[in-house]
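A.B. asks: sequence plus predicted model, see below.
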Amino acid sequence: MAELHTLAQALETLLEGVSPVERETVALESACGRVLAEPIVALRDAPPFDASAMDGYALRAADAGRRLPVAQRIAAGAAPAPLAPGSCARIFTGAPLPPGADCVVMQEQVKVADGSAEIPAGLETGANVRRRGRELAAGETLLQAGHWLDAAAVGMIASQGHARVAVRRRPRVALLATGDELTAPGEPLAQGRIYDSNRYMLGALLPRFGFEVIHSQRVADRFEATADALGAAAQHTDVVVTSGGVSVGEEDHVRAAVESRGRLSLWRLDIRPGKPLALGRLPREAGGEACFVGLAGNPVSSFVGAWLFLRPLAAALLGAPALAALPRLRACAQFSERTSGRWHYMRVKLDHQRQDGVACAFSYPDQDSSLLRSCIDADALAVIPPNAEIHPGAMIDCLLLR
Ligand SMILES: Nc1nc2c(c(=O)[nH]1)N[C@H]1C(S)=C(S)[C@@H](COP(=O)(O)OP(=O)(O)OC[C@H]3O[C@@H](n4cnc5c(N)ncnc54)[C@H](O)[C@@H]3O)O[C@H]1N2
Ligand code: MOO
């Protein structure tokens with residue numbers, strides 16, 4: 001029997017020679033979920049001027065404790081005149097402080113009559129003022145290349161006045177589901193057949209990792225059909241992903257098809273689920289190669305394999321090293337498990353409230369790799385070493401599915 005490879009060996013094989021894809025420029029409105037291709041450097045201080053943090057009155061702190069004439073009214077967006085000593089200005093939240101003023105008092109603390117304001121004593125310089133450059137100084141690096149853009153990052157880029165941003169293009173994937181038993185959802189189900197769920201599950205998961213699924217099809221369990229589909233799928237893609245057909249049965253043609261059209265680099269891992277996972281490369285006629293990832297057909301094997309392999313592959317293709325590894329969390333197991341000679345990746349639900357701030361991990365009761373239901377609501381994979389026995393209360397490593 002062929003040797004079982006470790007996850008680390010497989011990741012090294014998969015990522016060898018993989019470099020980031022080209023860049024493109026996109027409108028900020030569609031930048032969320034994309035990865036920066038170059039750093040964002042602050043063009044200007046943020047805030048760009050000293051601004052009032054309250055609706056109230058701007059003045060010199062040294063003039064506090066007196067009645068001051070209200071010399072001007074400054075709304076947000078205005079360009080104020082200098083403030084003479086011994087006077088104050090009506091001001092609103094977000095409005096620029098007039099030159100000369102150094103603090104703001106909230107209007108609730110001020111009595112106004114006949115055009116002058118009774119200012120309480122004891123105001124400090126800087127009170128209720130958002131200082132220029134408090135958030136960001138011009139020239140400072142706001143975001144590094146490789147940063148995955150979330151809503152906050154998109155907002156910060158907008159706050160610097162950029163309407164477009166340089167990102168990595170989405171790595172392109174072709175998804176092939178092998179299996180004569182597979183029927184497309186929506187079609188009648190004949191005896192002995194099942195609906196194809198992997199192609200839909202993977203088609204939903206991969207865009208979350210940053211991929212663009214440009215091709216998706218079912219492939220019959222025949223060597224020629226599999227080889228032709230693999231060869232064609234590689235031509236315009238960065239990655240070809242298959243599900244099923246990588247095990248040892250006579251109907252499993254994927255490995256032989258990869259060998260005939262490209263090269264198979266590694267097969268079979270010491271993990272459960274996902275043991276028969278296969279990796280390789282498929283050449284493109286125009287030059288270069290597509291990465292090949294053959295996920296085991298059991299739905300959970302495909303799901304777990306995608307998180308363990310396609311997420312780091314996306315990170316490498318996007319030049320986003322921070323996304324390469326799933327975040328780890330120690331949690332307190334609330335279940336028993338005896339592992340085989342393989343590393344088990346159990347689908348668990350975490351409860352962060354349960355035990356003195358320690359997260360508790362609840363496993364789906366039936367961890368068979370055919371049951372995709374075990375992945376619903378799973379927020380982590382509990383990683384249990386080979387030949388181990390886990391009991392409730394044991395502290396275990398979990399990989400967060402995000
Ligand atoms: N004699 C052995 N048999 C098996 C071994 C082994 O080592 N020796 N390994 C088992 C393990 S572990 C797994 S995992 C599976 C994986 O096999 P394949 O990758 O070849 O997958 P298939 O045989 O094509 O399918 C397995 C299972 O999953 C269902 N499936 C496949 N594709 C889909 C899809 N798109 N949507 C929904 N369900 C799908 C398929 O109907 C099968 O039930 O092999 C074991 N056997
Ligand atoms: O590796 Mo299979 O994925 O155990 O069911």
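C.D. replies: That came through fine. Residues are numbered from 1 along each chain as shown. Ligands and ions are numbered 1, 2, ... in the order given.
A.B. asks: ok, now which ones touch the closest residue to ligand 2 within the stretch 101-250 of the chain?
C.D. replies: Going by C-beta to the nearest ligand atom, ligand 2 is nearest to S247 of the stretch 101-250 of the chain, at 8.2 Å. Any C-beta I mention is one placed from the backbone N, CA and C, and that applies to glycine too. Remark: with contacts taken as C-beta atoms under 8 Å, 6 or more residues apart in numbering, S247 is in contact with P276, A296, G297.
A.B. asks: which one of these is nearest P98?
C.D. replies: If you rank those by distance to P98 using C-beta to C-beta, A296 comes first, at 68.9 Å.
A.B. asks: circling back: near ligand 1, from the contacts of S247?
C.D. replies: When these are filtered against ligand 1 using C-beta under 6 Å from any ligand atom, the residues retained are P276, A296, G297.
A.B. asks: counting neighbours, what do you get for the first one?
C.D. replies: Residue neighbour count, defined by other C-beta atoms under 10 Å, stands at 23 for P276.
A.B. asks: return the distance of it relative to A166.
C.D. replies: Between P276 and A166 the distance is 40 Å, computed by C-beta to C-beta, to the nearest Å.
A.B. asks: can you tell me the helix or strand for the closest residue to D45 other than its chain neighbours?
C.D. replies: Once flanking residues are discounted, D45 sits nearest to G133: 3.8 Å by C-beta to C-beta, 6 or more residues apart in numbering. With elements delineated by DSSP states H and E, G133 resides in a region that no helix or strand encompasses.
A.B. asks: what's G133 in contact with, if anything?
C.D. replies: Contacts for G133 were tallied using C-beta under 8 Å, 6+ apart; they are D45, A46, P47.
A.B. asks: mind listing what the first one touches?
C.D. replies: Spelled out, it's D45. Applying C-beta under 8 Å, 6+ apart, the residues contacting D45 are R132, G133, L136, A137, A138.
A.B. asks: any of the residues you listed buried? List them.
C.D. replies: Buried positions within those, assessed by neighbour count (16 or more other C-beta atoms under 10 Å), are R132, G133, L136.
A.B. asks: all helices for the stretch 151-300 of the chain, in order.
C.D. replies: Taking DSSP state H, counting those that start in this stretch as the criterion, the stretch 151-300 of the chain contains helices spanning 151-159, 198-209, 223-234, 254-261, 299-305.
A.B. asks: which of those sits closest to A320?
C.D. replies: Closest among those, once you apply C-beta to C-beta, is helix 198-209, at 10.1 Å.
A.B. asks: elements contacting the closest one?
C.D. replies: Using 3 or more C-beta pairs under 8 Å, 6 or more residues apart in numbering; DSSP states H and E as the contact definition, the elements that helix 198-209 packs against are strand 172-178, strand 212-219, strand 239-243, helix 299-305, helix 311-318.
A.B. asks: hmm, who's touching the last one?
C.D. replies: So that's helix 311-318. Contacts of helix 311-318 from elsewhere in the structure, counted by C-beta under 8 Å, 6+ apart, are 11, 14-15, 18-21, 35, 146, 148, 168, 171, 206, 209-211, 238-239, 291, 293, 320-326.
A.B. asks: mind redoing it with 7 Å?
C.D. replies: Surrounding helix 311-318, the residues in contact under the criterion C-beta atoms under 7 Å, 6 or more residues apart in numbering are 11, 14-15, 18, 20-21, 35, 168, 171, 209-211, 238-239, 291, 293, 321, 323-324, 326.
A.B. asks: what do you get for the shortest one?
C.D. replies: Surrounding strand 239-243, the residues in contact under the criterion C-beta under 7 Å, 6+ apart are 171, 173-178, 198-199, 202, 230, 233-234, 254, 282, 290-295, 297, 302, 310, 313.
A.B. asks: any idea how many residues pack against L400?
C.D. replies: By other C-beta under 10 Å, the residues close to L400 number 15.
A.B. asks: pull the contacting residues for it.
C.D. replies: L326, P327, L329, D379, A380.
A.B. asks: ChimeraX command for the buried members of these?
C.D. replies: Selecting only the buried entries of the contacts of L400 in ChimeraX, with 16+ other C-beta under 10 Å as the criterion:
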select :326,329,379,380
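A.B. asks: reformat the contacts of L400 as a markdown table; add pLDDT and distance to ligand 2.
C.D. replies: A markdown table is the format used below for those (pLDDT from 0 to 100; distance: C-beta to the nearest ligand atom, whole Å):
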| residue | pLDDT | distance to ligand 2 |
| --- | --- | --- |
| L326 | 98 | 18 |
| P327 | 97 | 24 |
| L329 | 96 | 24 |
| D379 | 96 | 21 |
| A380 | 98 | 18 |
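A.B. asks: R90 pairs with what?
C.D. replies: In this structure, R90 bridges to Y57, R73 when assessed by DSSP bridges.
A.B. asks: I'd say it and A71 touch.
C.D. replies: No: contact criterion C-beta atoms under 7 Å: R90 and A71 do not qualify, at 9.0 Å.
A.B. asks: packing partners for the lowest-mean-pLDDT helix or strand in the chain?
C.D. replies: Of the helices and strands making up the chain, the lowest-confidence element is strand 343-355, at a mean of 89, by mean pLDDT, DSSP states H and E. For strand 343-355, the packing partners by 3 or more C-beta pairs under 7 Å, 6 or more residues apart in numbering; DSSP states H and E come out as strand 271-272, strand 358-363, strand 380-384.
A.B. asks: if we go to 6 Å?
C.D. replies: Secondary-structure packing of strand 343-355 (3 or more C-beta pairs under 6 Å, 6 or more residues apart in numbering; DSSP states H and E): strand 358-363, strand 380-384.
A.B. asks: partner strands of the very next helix or strand once past the shortest one, parallel or antiparallel?
C.D. replies: Under the assignment DSSP H and E, the closest C-terminal helix or strand after strand 380-384 is strand 389-390. Paired strands of strand 389-390, with direction, are strand 337-338 (antiparallel) (DSSP bridges).
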